[in-house]
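Undergrad: Sequence and predicted structure below; questions after.
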Amino acid sequence: MHATAERAVVLRGVRWICPASGRSGEGDLSIVDGRLASQAPSHAKVVAARGLVVMPHFVELAAHLGDPGFLWREDLTSGSAAGAAGGFGLVVATPDTDPVIDRGALLGDLQVRAGGVTGAEVRFAGALTIGLDGVELAEIGSLVDAGAVALSDGGRAIADGLVLRRALDYARPFGVPVLLRPGEPVLEADGVVHEGAVALEVGLRGIPAAAEEIGVARAVALARQTGARVHLHSITTAQSVAQVREARRQGVLLSASTAARALLLTDADVDRSDYDTSLRLTPPLRPEADRLALVEAVRAGDVCLTSAHFPLSRVEKEHEFERAMPGAAGLETAFSAALTALEGDLVAVARALAVGPGQLLGRQPRIEDGAKANLVLVDPNSAAEATQPQHSRGVNEPLAGRVLRGRVMATMVAGRWVHFSIDV
Amino acid sequence: MPGAERRPARRRRKDMLGLRGVTREEITQILETAARIRAVNRRKVKKVPTLRGRTVVSAFFENSTRTRMSFDLAAKRLSADVLGFSASSSSTRKGETLMDTARNIDAWRPDALIIRHPCAGAPHMLAKAFPWSVINAGDGIHEHPTQALLDMLTMRDHLGELDGKRVAIVGDVLHSRVARSNIFGLRTMGAQVVVAGPGTMCPRKLESLGVEVRHRIDEVVEDVDVIMMLRIQRERLGRAMMTGVAEYAGLYGLDTDRLARARPDVLVMHPGPINRGVEMTPDVADGDRSVVLEQVSNGLAVRMALLYLLLGEESGDARNG
C-alpha cells in the first residue's frame, strides 16, 4: 500500500475524540495541507466516515523491528506497515538489534532508511549500555545527537544498581526519556511463567512478582535520586501499579505502560492453550487479579499501553515452551485488544495508546483546528476474530482466534494516509 | 500440523500426558488392567501377542536406565516392535529441534511414542501435532504419570481403595514430577496428601494443589498410611536450595526411630534410586515396611496396561487405516 496524500480531505459525519483536551464532537472534519482545519475547500476529497471515530494516531514506545540483524522477524518496512495497520503513526524501534544500537554512528544509515518507509514513522531508541549487557554505558550523547528519541535496553532489565544510577545521571541532561523494563534478573532466573498456582499445575518454573516489583522499586528510587525522566515499560503486577501511582503522587518524574495484550490474557491461558509458545513472554502473563488491576489503571489514566511488539519466526517459536524465544507480535492487535479489555472506552484507549506515549516523546497529540493531522480512523463497533499478523513477519500473535472489538480503518501521518482499508 | 489429517475421530484417550484431569474411573481402569496383566509377568513364557505389528518408539532426552528399560520391556512383552531413540546418539546433539525429530519419527508411522524430556509440555506439543499416542515418561518438573500409577497400584495392593487414605510425600516436592503426578492422581482417587520438606522445596503455595504442607518429617510420620520419600538430586538443585546433606537427613530423613512412631502397617516408598543415608537409612530402605521393589515390578505392569489400553484391540485399528 502506498501512502496517499490529498491536499484537502473531509471526513464526513465522523465522531472525533481529543483525549488530551477532553473535547469530542461529531460532524465533518477537514484536513488541509496536513493540518486539521475549520473548513475545507470545495474540491476536497470527501471520505464517508459515518459510524467511524477519529482520534490521534497511536504512538508505540518499544517495538522490536529486528532491523538490522534479525530481518526474518521484521524490518523497517514491514514494521512500519504493521504499525500503520494497527493505527500507529509513530513506532519507536528498540535497540536490541544486531549490532545493538549503542553508538551514534550506527543510527545514520538506519535513519536514512527509516525516512523511506511508507507506513508509520519509525524512530529509534538508543541503547543505555553497550551490547545491552548492563555493564558499560553506551554512547548516550552521540545516540541522542544522532536522533535517538529515547534510551532503553529493550527487554533487558539492568541488574546493577550502580550502572542504572549512572545511566540515569548521564542520560538526564540529554532530555530524552529512559525506558526501563523493571526486573531483578537473579530472581527471574530460569523462570518462564508467572510464579503461582498455574506454574505449579503445569510444571513450569516461575518468575515471582517480586522480581518485577524490586525492579520497579529500584527504578522509582533512582528516578527520584537522579531526576531523570523514567518510563517503565511492561509493568504487569498490581503491586507495580501501586508503586508507580505512589511515586507519581510524590512527584517523581515517572510513568509506566503495560502491553495491551496483558489487559486480556493471564497465566491461565498458558494452561488452557496447552503450552502455546506465543504466550511465552518476558515479563510473563500474570493472574487475573493483576490483569484487573492493569485494566483499572489504564482506565484511570495512570498506566499507558504499548504493543510490546516482538515478532518471531516459526523457527524461533516452534520449540518446547521453555526453549521458545520469549515475545509476541502486537502492533496489529494492540488497539482491538485495548478496546476489548476497556469495554469500548475509546477515550481511555486514546489516552493510553496516543496521548501518554506521545507526550512522553514530547508530542502533543490533539484533534483541533491547526493541529497536525496525525490521526487514526477506527470502527469501534466491528467485532472480528484476530488473525496472525498480516503485515508484520511475526507468526506469534497470541490473540489470534479471539474475537476482538474495534478495527483500525485508516491511519494518517501529517496529512498522508499511511494505511487505509476504506476508500479514502 | 504434520500428520494431523490422519488423526481418526475417536473417543478413547489417545495419549497419557499426565494425571491431572484424568478421572477416577479411568485411573481405576488402568490400575485394574495392570493388576490383571501382572499374571503375564509370572508365566514361564512372558509374552502375549496383543500388540503384534505395532511400533513403539521410545525417545529419552534425559538420562534414564530404569524407566526406559521398564517401558521397553512392557512393549516387548506385548509383542510390539520397540525402537529406541536416544538423544545422545541422535541429531538433537546437532541442533535439530524436537519437532524436526518428531517429524522424522512420524515418517516411520509409529503407533506410540514414549518420551522423557527435560522441558514441561514437550509431550503435549507432540501429542497436539501428531496422530500417534504419546506417553509421558517424565517432562521436566511437570508430570511422570506412570510413576504415580505404579505407586498407586502398589498402595492399592496393600491398602485397598485409596479413598480416605493418607499419604505423606517428603522431599523436594516443588521440583518433583513424581510428587506432582502423585498429588494429582491421589487427590482424584480421594486420598489426602501431606507434603513435608524445607520451605524452598515445599513452599506454602503448594496448598493450591490441594495438599497440606509441613516442614518437618516428624509432623507427618505418625498418622499416615504411606510415606513416600523423594530422591534428593543435589547436582540438579538450584542455588541456595538446601543447607547441607547432614541437616537434610536430620530433618527429613527416615530412620528406624521415626519409623517406630509410624503406624505398624505403614508403607515406605521411594521412586529410586535411593540415596542411602540421605532420604532414608539403609535399614529402613531394606526393611520390611519398604515396598520399593514391588514398585519396580508394578511399574512394568502399569506400563503394559497403558500400552494395551492406548493401542490394544479395543481401541480400534483406525489409527493404522
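TA: Sure thing, it's come through.

Undergrad: quick one: which helix or strand includes residue A:409?
TA: strand A:403-413 (DSSP states H and E).

Undergrad: Wait, residue A:154 touches residue A:65, no?
TA: No. Look at residue A:154 against residue A:65 with CB atoms under 8 Å: they stay out of range, at 11.1 Å. Every residue, glycine included, has its C-beta placed from N, CA and C.

Undergrad: Can you confirm whether stretch B:56-70 lies near chain A?
TA: No. If you take CB under 8 Å from any CB of the partner chain as the test, stretch B:56-70 misses chain A, and the best it gets is 9.5 Å.

Undergrad: pLDDT averaged over stretch B:197-213 - what is it?
TA: Regarding stretch B:197-213, the rounded mean pLDDT is 97.

Undergrad: Off-centre distance for it?
TA: 20 Å (CA atoms, centre = their mean, to the nearest Å).

Undergrad: How about stretch A:381-395?
TA: Taking mean C-alpha positions (CA atoms, centre = their mean), stretch A:381-395 and its chain are 16 Å apart.

Undergrad: Can you list the neighbours in contact with that stretch?
TA: A:51, A:72-75, A:78-79, A:81-82, A:84-85, A:119, A:309-314, A:317, A:328-329, A:331-333, A:336-337, A:397, A:399-407 (CB atoms under 8 Å, 6 or more residues apart in numbering or on different chains).

Undergrad: Try it again at 7 Å.
TA: The contact list for stretch A:381-395, computed with CB atoms under 7 Å, 6 or more residues apart in numbering or on different chains, reads A:51, A:72-74, A:78-79, A:81-82, A:85, A:311-314, A:317, A:329, A:331-333, A:336, A:397, A:399-407.

Undergrad: Can you select the buried ones from those residues in ChimeraX?
TA: Those of those that count as buried under 16 or more other CB atoms under 10 Å in any protein chain shown are selected in ChimeraX with:
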select /A:73,74,78,79,81,82,85,311,312,313,317,329,331,332,333,336,397,399,400,402,404,405,406,407
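
Undergrad: which other helices and strands contact the strand holding residue A:409?
TA: helix A:334-341, strand A:375-385, strand A:416-420 (3 or more CB pairs under 7 Å, 6 or more residues apart in numbering or on different chains; DSSP states H and E).

Undergrad: what mean pLDDT does that strand have?
TA: 98.

Undergrad: where in the chain is pLDDT low?
TA: No chain specified, so I'll use chain A. For chain A, the stretches with pLDDT under 70 are A:1-6.

Undergrad: wrong chain, I was asking about chain B
TA: For chain B, the stretches flagged by pLDDT under 70 are B:1-11, B:88-94, B:313-321.

Undergrad: For it, which residues are neighbours of chain A?
TA: When proximity is defined as CB under 7 Å from any CB of the partner chain, chain B approaches chain A at B:20, B:97-99, B:117, B:119-122, B:124-125, B:128, B:139-143, B:177, B:180, B:205-206, B:208-209.

Undergrad: ok, now with 6 Å
TA: Within chain B, the positions near chain A by CB under 6 Å from any CB of the partner chain are B:99, B:119, B:120, B:121, B:122, B:124, B:140, B:141, B:142, B:208, B:209.

Undergrad: So residue A:154 and residue A:65 - more neighbours on which side?
TA: Taking other CB atoms under 10 Å in any protein chain shown, residue A:154 and residue A:65 do not tie; residue A:65 has more neighbours (32 against 22).

Undergrad: any idea how far the more buried one is from residue B:71?
TA: If you measure residue A:65 against residue B:71 using CB to CB, to the nearest Å, the figure is 47 Å.

Undergrad: hey, where'd the helices end up in chain B?
TA: Along chain B, the segments classed as helices by DSSP state H run B:24-42, B:66-77, B:98-107, B:122-129, B:145-159, B:177-188, B:245-252, B:256-261, B:282-285, B:292-311.

Undergrad: now, which of the contacts of stretch A:381-395 lie within strands?
TA: Under the assignment DSSP state E, the contacts of stretch A:381-395 contribute A:403, A:404, A:405, A:406, A:407 to strands.

Undergrad: Pick out the residue closest to the middle of the chain.
TA: Reading this off chain A. Taking CA atoms, centre = their mean, the centroid of chain A lies closest to residue A:306, which sits 2.4 Å from it.

Undergrad: hey, what's that residue bridged with?
TA: residue A:259 (DSSP bridges).

Undergrad: Can you name the residues that contact it?
TA: A:61, A:62, A:233, A:257, A:259 (CB atoms under 6 Å, 6 or more residues apart in numbering or on different chains).
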